[in-house]
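>>> Sharing a model that was predicted from the sequence below.
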Amino acid sequence: MVTRTPTLSILAALAIFLATTSFADAQSCNGILVSYAYTGGLRLPPNVSDAAKQPYRFESTLTVLNNGLDELKSWKVFVGFDHDELLVSASNAVLADGTTLPASVGNGTVFAGYPMTDLKTAVETAGDLTQMQVQINLLGTVFGVAPPTVPMPKSINLANDGFLCRKSNSQGKNASSVCCTRDPKFKTNITTDEEFLPRQNGDLSIMYDVIRTYDSNYWAEVTIANHNPLGRLDNWRLSWDWMNDEFIYTMKGAYPAVVDASDCLFGKQGTFYRDLDFANVLNCERRPTIIDLPPTKFNDSDLGKIPFCCRNGTILPPSMDPSMSASRFQMQVFKMPPALNRSLLLPPQNWQISGTLNPDYKCGAPVRVSPSENPDPSGLPLNKTVIASWQVVCNITTAKGTSNKCCVSFSAYYNDSVIPCKTCACGCPKKTERTCSATAPAMWLPPEALLVPFENRTAKAVAWASLKHFQVPNPLPCSDNCGVSINWHLYTDYTKGWSARVTLFNWGETSFADWFTAVQMDKAAAGFEKMYSFNATLLDGVNNTIIMQGLPGLNYLVAETDGADPLRDPRVPGKQQSVISFTKKTTPGINMARGDGFPTKVFFNGEECSLPSVYPTSSGFRNGFSFATSMLLTMLLILLMR
């Protein structure tokens with residue numbers, strides 16, 4: 001029995017393999033063979049009249065086989081679904097972008113291995129398919145593809161770096177395969193005998209380090225590190241999926257957004273851990289959400305005393321403050337059978353992180369890397385290695401159709417009007433047909449209109465249009481609906497230099513501590529000299545971007561508040577203002593009237609803002625009146641900020 005058991009398992013795996021993969025393909029491919037086989041489907045209710053929208057069930061098998069000489073670490077495969085598929089389940093794999101199933105995959109998706117992430121070679125396993133190969137059983141819904149037509153993907157490829165894939169080979173109408181071999185021109189910084197993959201670069205990295213382990217539980221340390229010079233997070237919320245019924249017993253440095261042990265108490269965890277006091281368990285959700293603690297808990301013996309913890313979820317760009325560009329917490333995780341072994345450690349999957357008015361991040365699957373090293377707590381001049389480490393890399397993404405979260409208006413000393421940002425720049429109301437137009441261009445404004453909420457600007461905008469003989473749309477354009485707006489005013493222009501005035505308005509209900517703004521100026525940034533009421537500097541390594549932030553003690557952009565007389569006065573935005581000066585010595589030929597003095601991109605707290613589509617022109621130049629309106633706006637701001 002002892003000698004026959006492994007043989008039987010190999011024969012069983014071989015039978016499954018041969019059922020879904022061409023034997024000729026398996027023999028001829030001296031690399032990674034990826035195959036896809038459609039195994040069945042049926043019509044699903046409801047019955048709809050539009051054949052293109054009729055749902056059908058589909059079942060298929062994706063197979064990845066390592067026929068090469070090198071172990072394939074952290075395998076990833078792209079499947080080019082092309083029929084509006086909704087994937088319901090996938091065995092032995094997760095979606096590499098961190099999306100939780102069920103998920104729409106109609107534009108294609110990348111699978112990553114779980115729990116089997118690495119595929120060994122035939123040489124090192126004597127042909128053991130259970131170690132060389134992984135099979136993913138896919139189940140989902142497809143629309144408009146009725147049997148006997150088969151909803152095959154348009155392509156399948158290995159998604160690991162450093163591989164070249166041949167043209168896919170079809171086996172009838174139900175299956176296809178592709179052979180991928182190593183690219184001889186691809187340069188890598190690892191050798192084939194290294195145990196772990198190298199750490200990857202990204203906008204944000206999350207390290208999942210196991211620092212202590214026991215048979216039934218372990219302690220993990222999670223470190224979130226920001227590497228993007230303009231990315232940041234405020235009130236970060238971190239979530240993941242437990243894949244094996246794990247639960248969080250206790251934490252230090254952060255806390256679950258929901259403290260609830262009922263899922264454990266009435267579930268399989270409560271049955272297994274009969275002697276455990278579940279009143280002390282923090283969270284039993286399959287997908288917990290973790291939030292940071294306030295600074296008052298940093299020195300708390302029970303909850304704090306973790307480096308980089310307890311900052312209300314604020315992670316700044318390293319260009320602002322390297323010491324504030326990371327966040328860390330620890331948690332005790334209890335495991336469930338059959339994972340009751342101190343050496344069997346599996347990280348959670350499908351990581352996601354978000355913040356308030358911050359960029360959107362897409363996170364990849366955890367990748368096993370070399371164990372992290374930390375300074376020894378005893379104070380000795382040496383590093384202590386953790387037990388195991390996984391890295392999750394997150395990058396800033398902008399989904400198609402995503403609205404902006406901030407907007408910019410332009411004005412200049414040579415033009416009376418302010419050009420606001422675009423209509424519905426940050427999204428439109430749900431019902432606009434009776435109230436406003438989502439397509440009408442934004443109306444130009446008098447300077448003082450920037451100081452009042454949008455709903456109070458209508459009379460000013462209409463009166464200004466009448467005075468300047470501008471066209472008035474009917475219905476009027478919708479608001480920009482942006483919580484934060486920035487006015488860039490071209491202030492002066494003279495022989496040796498020029499200046500602009502930057503004003504920030506916070507129309508939202510959230511105050512921003514340690515705010516920053518970055519402006520990209522392709523032609524003018526090299527001439528930057530000084531900013532007077534903000535800290536400002538050219539971004540390291542980027543010669544066209546200026547990053548600015550409030551001075552110490554003045555770096556808090558407050559939320560909108562009531563006016564002096566709430567029954568009569570409109571609400572007042574939080575605001576800050578400064579003048580920025582430039583020299584023309586390093587930027588000869590710069591032309592203000594042509595638009596060279598206006599930014600081409602503006603970011604607030606890492607989020608790109610919407611810009612006007614045109615610049616102020618000098619055709620309506622009346623120097624005395626424009627200077628007066630400029631001074632009026634400045635004086636009004638000074639009075640409101642008292």
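Yep, that arrived. Numbering: from 1, shown residues only.

>>> any idea how far residue 572 is from the residue nearest to the spatial centre of the chain?
Against the mean C-alpha coordinate of the chain, by Cα atoms, centre = their mean, the closest residue is residue 361 at 0.4 Å. Using Cβ to Cβ, to the nearest Å, residue 361 is found at 33 Å from residue 572. For every residue, glycine as well, the C-beta is placed using N, CA and C.

>>> hey, where'd the strands end up in the stretch 51-200 of the chain?
Along the stretch 51-200 of the chain, the stretches classed as strands by DSSP state E, counting those that start in this stretch are 55-66, 76-79, 86-90, 93-95, 103-104, 109-113, 133-143, 156-158, 163-165, 169-171, 175-182.

>>> The stretch 351-500 of the chain too?
Using DSSP E, counting those that start in this stretch, the strands of the stretch 351-500 of the chain run over 360-363, 367-369, 373-375, 383-385, 388-397, 406-412, 415-419, 484-493, 497-506.

>>> Now do the contacts for residue 488.
408, 409, 410, 411, 500, 501, 502, 519, 598, 599, 602 (Cβ atoms under 8 Å, 6 or more residues apart in numbering).

>>> So of those, which two are at opposite extremes in space?
Greatest spatial distance among the contacts of residue 488 (Cβ to Cβ): 411 and 519, at 15.2 Å.

>>> If you count surrounding residues, which of the two has more?
Of the pair residue 411 and residue 519, residue 411 is the one with more neighbours under other Cβ atoms under 10 Å, namely 30 against 26.

>>> Name the residues of stretch 592-607 that come out as buried.
Buried residues in stretch 592-607, counting neighbours by 16 or more other Cβ atoms under 10 Å, are found at 592-593, 595-599, 601-607.

>>> what's in contact with stretch 303-312?
223, 235, 251-255, 292-299, 324, 326-330, 513.

>>> Now intersect those residues with the strands, please.
223, 251, 252, 254, 255, 292, 326, 327, 328, 329, 330, 513 (DSSP state E).

>>> where's the dip in pLDDT among those?
When those are sorted by pLDDT, the bottom entry is residue 513 at 88.

>>> which residues does that residue contact?
Here residue 513 is in contact with 312, 314, 555, 556 (Cβ under 8 Å, 6+ apart).

>>> mind running it again at 6 Å?
residue 556 (Cβ atoms under 6 Å, 6 or more residues apart in numbering).

>>> so it bridges to which residues?
residue 556 (DSSP bridges).

>>> Please apply the same query to residue 497.
In this entry, residue 497 is beta-bridged to residue 583, by DSSP bridges.

>>> Show the contacting residues for it.
582, 583, 584.

>>> try residue 528
538, 546, 582.

>>> Compare these and tell me which has the most neighbours.
residue 582 (24 neighbours).

>>> Without its sequence neighbours, what residue ends up closest to residue 33?
residue 65 (4.4 Å; Cβ to Cβ, 6 or more residues apart in numbering).

>>> I'd say that neighbour and residue 34 touch.
No - at 7.9 Å, residue 65 and residue 34 do not qualify as touching, with contact defined as Cβ atoms under 6 Å.
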